[in-house]
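Q: next comes the sequence, and after it the predicted model I'd like to discuss.
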Amino acid sequence: MPIDFVPDRDLYPFTSRWFDSSQGRVHYIDEGSGPPIVFCHGNPTWSFLYRNIITGLRDQFRCIAPDYLGFGLSDRPSGYGYTVEEHAQIVGELVDSLGLDGYLSMGQDWGGPISMAVDTVRADRVRGIVLGNTWFWPTDKLHMKLFSKAMSSRPMQSAILNRNFFVERLIPVGTTRTLTPSEMQHYRAVQPSPQTRKGVAELPKQILAARPLLQRLARDVPATLGAKPALFVWGMKDFAFKPAHTLPRMRATFPDHQVVELPTASHFMQEDAPEKIVSAIIERFG
């Protein structure tokens, strides 16, 4: 199921590229030159989320940003489960296909577990880690468990599929600035129907359903990646991944770390503070 949408070149000034993965055709962008950095988005976003960061980095870095199957301009293949394990498998196939070595990864929201699942089995090829407003271990917070159960209920699954709830409600709630109508349209247009929103509907269930993967990551990330240099860029107004609950474990996992607090940014910090994120990445890894 292809998505019939052409992004505005003024907002998304990139060349679309396509990768034929084992499960379907993946859309991605590959911009700039220099050390590679792979950007992993969360829910319900796509590579559009990283647009301002990529334009700020592509003079110094090779910036690669895929859309997971079921998101953005990528296919919605029948028979695909849209689980975190499957997304990590497909992103890993892209990393291998591009022959990336000495790469950085950046993950936010579900991009954290997905990037960590990709990186732990390619640790010898990973140069460093960038994480923000995310996690990679089984959730132990009641609000996260309740969120997963509520969003997995029949009424909320209907709202996600039929009313595009995640885009219409959670993106505005998860940003401190008001996105323009054109920016919001870029999030809406890649999810035009209930059939195209199955990936968005699945990921809230995965907070609990992906516990085996998250347990594995809780063990493997410190063991295989813990010695890597790390950068944490954190939206301090995030309602989901509050810094007091999440940053201590990040710090403990990656002793060689730097933290850049984004005091005015919320969950989708790429929309709220892209310039500060660009500066932090250049200072840490440029």
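A: Ah, there it is. Treat the numbers as computed from the prediction; the structure is a model and nothing was measured. Numbers count the residues shown, from 1 in each chain.

Q: so how far is A223 from the residue most central in space within the chain?
A: Centrality entry for the chain: nearest residue to the mean C-alpha point is H41, 1.9 Å, by Cα atoms, centre = their mean. H41 sits 26 Å away from A223, going by Cβ to Cβ, to the nearest Å. Every C-beta, even on glycine, is put in place using the N, C-alpha and C of the backbone.

Q: leaving out chain neighbours, which residue sits closest to P44?
A: F166 (3.9 Å; Cβ to Cβ, 6 or more residues apart in numbering).

Q: show me the contacts for the one you found.
A: Each residue near F166 by Cβ atoms under 8 Å, 6 or more residues apart in numbering is listed here: 43-44, 160, 200.

Q: just curious, which of those is nearest to P113?
A: Nearest to P113 among these: N43, at 11.4 Å, using Cβ to Cβ.

Q: and the closest one, helix, strand or coil?
A: Put simply, N43 is coil when judged by DSSP: H, G, I helix; E, B strand; the rest coil.

Q: please apply the same query to F166.
A: Under the three-state scheme (three-state DSSP), F166 adopts helix.

Q: can you tell me how far it is from T196?
A: 12 Å.

Q: in which helix or strand does the closest residue to F165 other than its chain neighbours reside?
A: Closest residue to F165 apart from its sequence neighbours, by Cβ to Cβ, 6+ apart: A159 at 4.1 Å. Using DSSP states H and E, the element containing A159 is helix 154-163.

Q: what's the average pLDDT for that helix?
A: In this model, helix 154-163 has a mean pLDDT of 98.

Q: counting contacts, what elements does that helix pack onto?
A: Helix 154-163 sits against helix 142-152, helix 198-209, with contacts defined as 3 or more Cβ pairs under 8 Å, 6 or more residues apart in numbering; DSSP states H and E.

Q: next structured bit after the longest one?
A: I take that to be helix 198-209. Helix 198-209 is succeeded, C-terminally, by helix 211-220 (DSSP H and E).

Q: where do the strands of the stretch 1-150 of the chain begin and end?
A: With strands called from DSSP state E, counting those that start in this stretch, the stretch 1-150 of the chain shows them at 17-20, 25-31, 36-40, 62-66, 103-109, 126-134.

Q: export those as JSON lines, with columns for distance to L262, mean neighbour count and mean pLDDT.
A: Shown next, in JSON lines, are those (distance: least, Cβ to Cβ, whole Å; neighbours: other Cβ atoms under 10 Å; pLDDT from 0 to 100):
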{"stretch": "strand 17-20", "distance to L262": "30", "mean neighbour count": "14", "mean pLDDT": "98"}
{"stretch": "strand 25-31", "distance to L262": "23", "mean neighbour count": "21", "mean pLDDT": "98"}
{"stretch": "strand 36-40", "distance to L262": "17", "mean neighbour count": "26", "mean pLDDT": "99"}
{"stretch": "strand 62-66", "distance to L262": "20", "mean neighbour count": "25", "mean pLDDT": "98"}
{"stretch": "strand 103-109", "distance to L262": "12", "mean neighbour count": "27", "mean pLDDT": "98"}
{"stretch": "strand 126-134", "distance to L262": "8", "mean neighbour count": "25", "mean pLDDT": "98"}
